[in-house]
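Enquirer: sequence first, predicted model second:
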Amino acid sequence: MNIIDIIEKKKVGGELTAEQIKFFVDGFTDGTIPDYQMSALLMAILLNGMTDEETFAMTDAMLHSGEVVDMSALGGIVVDKHSTGGIGDSTTLALAPILACCGVYVAKMSGRGLGFTGGTIDKLESIPGFDTALSEEEFFEVVKRVGCAVIGQTANLAPADKKIYALRDVTGTVNSIPLICASIMSKKLASGSDTILLDVKYGSGAFMPDPESALELAKKMVAIGTIAGKRIGALITDMQQPLSDHVGNSLEIIGIVDVLKGKKNRLYREIREVALRLLALTGKYTLQSAEEAFDSAIDSGRALAKFAEMVRAQHGDENYILHPERFEIGTRDVVVSPCDGYVTSMVAADIGRAVTRLGGGRMTKSDEIDFSVGVIMHVAIGSKVRRGDVLCEVFHRDGKGLDEAKTLISDAIVIGSEQPAEHKIAYAYVGKDGVEMY
Ligand code: URA
């Protein structure tokens, strides 16, 4: 077998065999296939696509490029959720303790932020002492004792994806449905949970520009997870504006504490929808009994206490959860509305970019993050505003990136004269038996 024949075949739209796919995934991972040949192949895949069989074979080859975690020793239902990423998406931070209160295990491996998207691991590290690099043994011990734990992805989980993703990032080959599907599903299937809810986002702050392409991606991922024997479903959700009104690392922890105390904002509504679908997928709950379990976890204060317990178990200072005013937050400035009208749309990615400019995100993997900076949105799509109203608070350190961030934000919030239609949290749910529209 040789790589040039494989590139030539995909260049003219041919279908690769599972052996050919395994050959190039293994060869690129072990360094025998160089970047330039892999780049050519990735571009041919992006342009000509892959069949479901090819996508499954690619997922399988990437999944087996490293360790496949076995969670069976936990002796219970182990759930996972995966978001395709966005701005102010801190759902994992609330879902882990809420789901643990509902009697299922959450053993979550999450990522760091890069570019305009934030990362769960960075947000957790804004809590003094919090350890996101527990040993495998301690990770399992915390999950067993507390019910949930969140750590960074171990180096040996789908290493093929790490190498391929890094190459896609610099060769314009990220936005290919089969490649995204294989990338996400190889990690999900390697991380050992039996029930998985995918949160596939669309809009100006997401990889997928519109709900239709998000639906296409979701269907493929659900099909692959089902073939692999998982209980799996996908929600298609809106990322046309930041999900949380708090965007930034410490600020998002503060926003999550508000949700765990029962503040019923957009973030809360999305967290509830994801949790209900995930609990129903386990077979332990119906959608109705899941509602009762979710509401009771929040209303009783157990979910907030569980979050503090998880933070303590991972060596963090739980007082920051119980008294979030302890977080050091940057100096306050504001962006105001230039006119009367309605917020008609937002370029969500630019709000993420503004936080990165302030120092709250990374442009390269080695950048240090300033946890104290970020924004608090005062408006959402549909809000009525008057000239001079505060659209958003901006928290900065010594003016770093402030002017650029304020310009990005004021250009990102579009104000017009017509009130737009209400934006739903979710567009559709994809289960193994089909699609349910919202
Ligand atoms: N998230 C991933 O993990 N991989 C992709 O390719 C895109 C989003």
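Expert: Looks like it arrived, so ask away.
Enquirer: model confidence over whichever strand or helix holds Leu179, on average?
Expert: Leu179 is part of helix 177-190, with elements assigned from DSSP states H and E. For helix 177-190, the mean per-residue pLDDT is 95.
Enquirer: show me what it is packed up against.
Expert: Under the contact definition 3 or more Cβ pairs under 8 Å, 6 or more residues apart in numbering; DSSP states H and E, helix 177-190 sits against helix 35-48, helix 52-63, strand 78-83, helix 159-169, strand 195-202, helix 211-227. The C-beta positions use only the backbone N, C-alpha and C, and glycine is treated the same way.
Enquirer: where exactly do the strands run in the stretch 201-350 of the chain?
Expert: Per DSSP state E, counting those that start in this stretch, the stretch 201-350 of the chain has strands spanning 231-238, 246-248, 331-336, 341-346. These are given in chain order.
Enquirer: tell me which strands the shortest one pairs with, and in which orientation.
Expert: Taking DSSP bridges as the criterion, strand 246-248 sits next to strand 374-377 (antiparallel) in its sheet.
Enquirer: mind saving the C-alpha coords of the strand it pairs with as CSV?
Expert: Taking Å, rounded to 0.1, in the frame of the first residue of the first chain, the C-alpha atoms of strand 374-377 are listed here in CSV:
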residue,chain,number,x,y,z
GLY,A,374,-13.8,39.1,30.4
VAL,A,375,-17.2,40.6,29.7
ILE,A,376,-20.7,40.5,31.2
MET,A,377,-23.4,40.9,28.5
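Enquirer: any idea how far Ile77 is from Ser300?
Expert: Going from Ser300 to Ile77 by Cβ to Cβ, to the nearest Å gives 21 Å.
Enquirer: of these two, which one has the most company?
Expert: More crowded of Ser300 and Ile77, by other Cβ atoms under 10 Å: Ile77, with 20 against 11.
Enquirer: which residues are in contact with the more buried one?
Expert: By Cβ atoms under 8 Å, 6 or more residues apart in numbering, the contact set of Ile77 is 103-105, 194-195, 282, 284.
Enquirer: if you rank the residues you listed by neighbours, which is first?
Expert: By neighbour count, taken as other Cβ under 10 Å, the most surrounded of these turns out to be Tyr105 (26 neighbours).
Enquirer: which residue, other than its chain neighbours, is closest to that one?
Expert: Taking Cβ to Cβ, 6 or more residues apart in numbering, and ignoring the residues beside it in sequence, Tyr105 has Val78 as its nearest neighbour in space, at 4.6 Å.
Enquirer: roughly how far does the one you found sit from Gly31?
Expert: Val78 is 34 Å from Gly31, where distance means Cβ to Cβ.
Enquirer: looking at the stretch 201-350 of the chain, which residue is nearest the ligand?
Expert: Residue of the stretch 201-350 of the chain nearest the ligand, by Cβ to the nearest ligand atom: Phe207 (5.7 Å).
Enquirer: my error: substitute the chain in the last question.
Expert: Closest contact between the chain and the ligand, by Cβ to the nearest ligand atom, is at Ser183 (3.5 Å).
Enquirer: fine by me, thanks again.
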